[in-house]
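this is a predicted model, with the sequence first.
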Amino acid sequence: MDNALVLMEGIEKSFPGVQALSQGYLELRPGEVHALLGENGAGKSTLVKILTGIYQKDAGRIVYKGQEVEIPNPRTAQDLGISIVHQELNLMPHLTIAQNIFIGREPRKGLRFVLDEQEINAKTQQLFDMMHLKLAPRTKVADLTVAKQQMVEIAKALSFNSQVLIMDEPTAALTDTEIQDLFRIIRQLRAKGVGIVHISHRLEELRQIADRATIMRDGRYINTVQIQDVTIPQIISMMVGRTIYEATPEAPETADQNVVLEVRNLSRGRVLKDISFQLRRGEILGVAGLVGAGRTEMARAVFGADPIDSGETYVAGKKVSIKSPSDAVQHGIGYLSEDRKRYGAALGLDVEANIALSAFNKFLKYLGWVDRPKTRSTAQHFVEALAIKTPSVRQKVKNLSGGNQQKVIIGKWLTADTDVLIFDEPTRGIDVGAKSEIYKLLNDLAQQGKAIIMISSELPEILRMSHRVIVMCEGRITGELPITAATQEKIMHYATQREAYI
Amino acid sequence: MAVSVPQRRLQVRADAMQTVLAFAALIVLFVVFSLASPNFLQFSNIVGILLATAVNGVLALGVTFVIITGGIDLSIGTVMTFAAVMTGLVITNWQLPVALGVLAGLGAGAFAGLINGLIIAKLKIPPFIATLGMLNVARGLALVLSDLKPVYFTDTPIFNTIAMGSLLGAIIPGFNIPNAVLILFGAAMVASVILNKTILGRYTFALGSNEEAARLSGVNVDRWKIAVYTLTGLFSGLAGVLIASRLNSAQPALGQGYELDAIAAAVIGGTSLSGGEGSILGTIIGAFIISTLTNGLRILSVPQEWQTVVTGAIVIIAVYLDIVRRRK
Amino acid sequence: MKSKRLFAMLSALVAAMVLASCGAAPTTSDQGGAAPAGSQQAANQQAGSAQAGNEPYVAIISKGFQHQFWQAVQSGAEQAAADLNVRVTYEGPENESQVDKQIEMLQAALDRKPQAICFAALDSKAAIPLLEQAKAANIPVVGFDSGVDSDIPVTTAATDNIAAAGAAADKMAEMIGGAGEIALIVHDQTSATGIGRRDGFVKRIEEKHPNIKIVDIQYGGGDHLKSTDLAKAIIQAHPNLKGFFGANEGSAIGVLNAVKETGKEGQITVIGYDSGKQQLDAVRSGAAAGAITQDPIGIGRKCVESAVKAINGEQLPKTIDTGFHYYDKTNMDSEQIKPLLYE
């Protein structure tokens, strides 16, 4: 304990109405990767936000390099050498990489008012060289993939000469190869003696990267363990306070043969090239691929959210024209966006309104009057059927956890009587307990005869849930595998099968 | 990634696209009007267009900054009037030196901008509402201070030469371009340096691109926001001095509606109302499009009602092109 | 929560105000430059401070308050009030498109139960229901400046804009020798004064001066700067232009600026309308040939005098022409004209 880089103990923090943290504890040593684990709402983010000066603790103490410190604002944390890479990317898309990294501490020349752009770019290049990153400092951040943006965030954190680097779900948006890149950089830093706090929901990663883990539950400290001493089920049971057999794959159902959706030769600019596939009743079709492979774009094109250049769509054998999401809904196709906050749910509205949203015309009486008792009872029905944890159907969706938000959106599409559901990263940012509930729900839906397309970046999820897998790379479908033949290696093979340059 | 380099080049080109399009539109206007009337493409008329752009152009330069931050300033027109009246009070009513009057005008503009900035940054009132309030405050102050009467500069003929004299004409005989035009281009150059080379410009873009990210990076967001609004006010002050000098009087009732032409100029020039994007060159071209259009349609004796219709349509087309380009 | 809702309501209110004022902005005062803002409060105070005495009370609702023209009307009204021993209040909306505000003022004035009302309607039809009320309450209404489409007003004291602009047209013809190209800058194409002056001028040229060609008519909103740039473009388009009529103060100043900036002094004959320092200076220096002046003091006077006559039950003619005059540097300092001019 003497060699601790950071020691947080007895940390208390409450927000109006909620005790977010009680007796929070974290001990970080130099040169270790320390996983911080817990379900959503366990208090992980609150703890690291206190360490980085974004929140102020109500009680407790923080010891940094042997000295008790106060961290009243983010600036102080940075000056101490404590940096954070936030869960949500905090970059300015209109500025270049270098401008983003040095925002707020630009080198100046002349009358201390003129920017030294050359210096910024040179320093950024040095940083990238050190990280073995191949990025041009003058590239606009808007032109980068999410993964590269994540790298920029990390480079920015490192540019403060950080002793402590906190990463809040850095891998959530990354594909496996990108995660390996990230881990390479993390190992380099660890070798240099930097203490790294790693928050992630992907427990499979822990063995690869983490040395120790601190587990939290309901705002409390539970335990700190050496990773090699514990199994993942043990960690999960500490996180959820009960045992979950997460890793058991469900036996894939044999889909019956009715094709409910068929897409032929769908193309859209440089993004989608000649996409064709069939979807059968009761089937879960997994769509795998790296970030940027065009999976979301494919889903959006099928759903009518983006215009297409060519291609045909057949619903239940009949050719249909889907030019807008409302066309898609009419043909019984629903889309659950990967970005729930931006596209999926009307966060400011309550559960009832969200569930009724896609099918409001079902609830209209006359003259546009909404039949409130009916929306109420429908919402009530789905809250029970989907086990949505909410105090009432009048609760605003933004106050629900990620998993429950996802369920509300599912409820919305079920209300609209959709036969085809396209799930885009259905468990992103959802904690372990809620994940298995979502999985169960998907299986139930398939059994009831819904046809499901599930886009996921997590290969274990694809392998566990799908009946059939298609793999995309650079806008094309590069492979299709029945689940019995699918392995991580095969999928990755197809996912990296790039078109030969002519 | 192998594809990142060509992608980047493409993006840069797309960014400049709006400015290029606006410039092309300006050229088209010139060609069309020149063919339609022999009286259009004449030195005196070109000078007329340049001069007619001066006041709106300077206002547009200022408002470009706040629009890039993702804000808006509706008060620029009446702040201009307020500044003009302050200049008049100092020079005519208090009989102080002309230079002092000019400083008073610039100062009055900057002060109004400072108040805008303080209200927006510290009281967290949305820019639309805050500057709408300032629009009325400045209009009222201009009326009160002037006692509802125009202030004339007839006793200080030098003041009129600020806008209407011709330094260039004195150097090159016959090349009588009024100083107001020089001031417009000078102001544009200063604005361009501030926007592209200085810390203030960098944070102008940063605020518009992702204010929260800037805040979390330790940027004193409030302070820079105040600075940007103050700068916009300063440009309004300059516009006030220009309009007073050109009309040789401070007209307390003018100014309302000027903000819309200035905002239109910035938008036509490619400044994005959602923030993060914009250029000084684009704004200047936008301002010239508006005044060329006004002038050309006048020369062709097109009924004036149609001119406002055309300007409005151009703004919508400009914003639409911006959206189309973004979608790709 | 509550404050959020309040904020939303406020925002909506503000948005509505913006819409209203946007609609209002372009149209401007008829007698002068763009009409500035908000002084009706001062007027209201005045109304409030008026002590209830035994003398008759006349409420005057004008089209504006802040412009010098309306101030001159007010001073005429107050002179007459002092002479005749009546009490008056004088108020008007911020600018001349605020028909709704003016109606509210008229309503408020009715509620104060005056012995008579003097009213310069912004919209000649919108006020009719209230005028009916006045009639029912036996309060005589005197129109001034422009008429009301109704026979309720016992009389209307106004300048004959058509005749005045016609006189300006005759002067123009005389000075350019009865032939050549001329143009007009008018303050707007919708107000009664804008239309009257434009049509009065145009009609007289067409009827009596067939060799004169009107090449362009443009509308500058009474805005000095916009009128200047408009006039310049017209001069550019028509190099042979011989005469230019500015139909109100702002328009006339714009024309004068344009002539000066294009170096056409002495080649283009400028005739203006109303006064103002710049216009008076231009007339005095010869930059402008002359201008039409109304008699704002006379308008104020006549309307109060008529109101008193109406209270006393006297019969009045349907209209009272308050007169106009053409002035130039030879007569502008004469005893007849000088009192009508304002700086």
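Good, I have the coordinates.

and residue C:86, how close does it get to chain B?
Using Cβ to the nearest Cβ, to the nearest Å, residue C:86 is found at 26 Å from chain B. In this view, the C-beta of every residue, glycine as well, is placed from N, C-alpha and C.

ok, that residue - contacts?
Residues in contact with residue C:86 (Cβ atoms under 8 Å, 6 or more residues apart in numbering or on different chains) are C:55, C:56, C:57, C:58, C:115, C:304, C:307, C:308.

need the contact list for the fifth one.
Residue C:115 makes contacts with C:56, C:57, C:58, C:86, C:139, C:307, C:311, as judged by Cβ under 8 Å, 6+ apart.

okay, and which of the contacts of residue C:86 map to helices?
Judged by DSSP state H, the subset of the contacts of residue C:86 located in helices is C:304, C:307, C:308.

neighbours of the first one, how many?
As a burial measure, the neighbour count of residue C:304 was computed by other Cβ atoms under 10 Å in any protein chain shown and equals 29.

wait, residue C:112 sits on residue C:58?
No. Using Cβ atoms under 8 Å, residue C:112 and residue C:58 do not qualify as a contacting pair, with a distance of 10.8 Å.

if we can go back for a sec, who wins on neighbours among the contacts of residue C:86?
Most neighbours among those, by other Cβ under 10 Å: residue C:307, with 35 neighbours.

residues in contact with it?
By Cβ under 8 Å, 6+ apart, residue C:307 lies in contact with C:58, C:86, C:115, C:116, C:117, C:118, C:140, C:142.

that older thread, among the contacts of residue C:115, which two are most distant?
Greatest spacing in those, by Cβ to Cβ: C:86 and C:139 (13.9 Å).

can you tell me, leaving aside adjacent residues, what's nearest to residue 299?
Unless you meant another one, I'm taking chain A. In this structure, residue A:299 finds its nearest non-sequential neighbour in residue A:422, 4.8 Å apart by Cβ to Cβ, 6 or more residues apart in numbering or on different chains.

I was thinking of chain C, sorry if that wasn't clear
Closest residue to residue C:299 apart from its sequence neighbours, by Cβ to Cβ, 6+ apart: residue C:322 at 4.7 Å.

and the one you found, how far is that from residue A:9?
91 Å (Cβ to Cβ, to the nearest Å).

who has more neighbours, these two?
More crowded of residue C:322 and residue A:9, by other Cβ under 10 Å: residue C:322, with 24 against 14.

what sits against the residue nearest to residue A:138 when sequence neighbours are not counted?
Distance criterion Cβ to Cβ, 6+ apart; nearest residue to residue A:138, sequence neighbours excluded, is residue A:96 at 5.1 Å. Residues near residue A:96 by Cβ under 8 Å, 6+ apart: A:137, A:138, A:139, A:140, A:141.

put the buried members of these into a ChimeraX selection.
The buried residues among the contacts of residue A:96 can be selected in ChimeraX (16 or more other Cβ atoms under 10 Å in any protein chain shown) with this line:
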select /A:137,138,139,140,141
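
which of the helices or strands spans residue C:215?
strand C:212-219 (DSSP states H and E).

got the CA positions of the next helix or strand after that strand in PDB?
Of the helices and strands lying after strand C:212-219 in sequence (DSSP H and E), the nearest is helix C:224-237. The C-alpha coordinates for helix C:224-237 follow below in PDB (Å, rounded to 0.1, in the frame of the first residue of the first chain):
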ATOM      1  CA  HIS C 224     -31.500  57.000 -45.600                       C
ATOM      2  CA  LEU C 225     -28.800  54.400 -46.500                       C
ATOM      3  CA  LYS C 226     -31.000  52.100 -48.600                       C
ATOM      4  CA  SER C 227     -32.500  55.100 -50.400                       C
ATOM      5  CA  THR C 228     -29.000  56.300 -51.200                       C
ATOM      6  CA  ASP C 229     -27.900  53.100 -52.700                       C
ATOM      7  CA  LEU C 230     -31.200  52.700 -54.600                       C
ATOM      8  CA  ALA C 231     -31.000  56.200 -56.000                       C
ATOM      9  CA  LYS C 232     -27.400  55.600 -57.100                       C
ATOM     10  CA  ALA C 233     -28.400  52.500 -59.000                       C
ATOM     11  CA  ILE C 234     -31.100  54.400 -60.800                       C
ATOM     12  CA  ILE C 235     -28.800  57.200 -61.700                       C
ATOM     13  CA  GLN C 236     -26.300  54.500 -63.000                       C
ATOM     14  CA  ALA C 237     -29.000  52.900 -65.100                       C
END
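
on contacts alone, who are the packing partners of the following helix or strand past helix C:224-237?
The element immediately downstream of helix C:224-237 (helix or strand, assigned by DSSP H and E) is strand C:241-246. Contacts defined by 3 or more Cβ pairs under 8 Å, 6 or more residues apart in numbering or on different chains; DSSP states H and E place strand C:241-246 against helix C:161-175, strand C:180-186, helix C:224-237, helix C:249-261, strand C:269-273.

now do residue A:154 against residue A:185, distance only.
Counting by Cβ to Cβ, the gap from residue A:154 to residue A:185 is 7 Å.

ok, these two, which is more surrounded?
residue A:154 (22 against 17).

tell me the pLDDT of that one.
Predicted confidence (pLDDT) for residue A:154: 84.

give the contact list for it.
By Cβ under 8 Å, 6+ apart, the neighbours of residue A:154 are A:85, A:131, A:165, A:167, A:170, A:182, A:185.

tell me the one of the residues you listed nearest chain C?
Here the nearest of the contacts of residue A:154 to chain C, counting by Cβ to the nearest Cβ, is residue A:85; it sits at 32.5 Å.

what sits against the closest one?
A:150, A:153, A:154, A:157, A:165, A:166, A:167, A:168, A:170.
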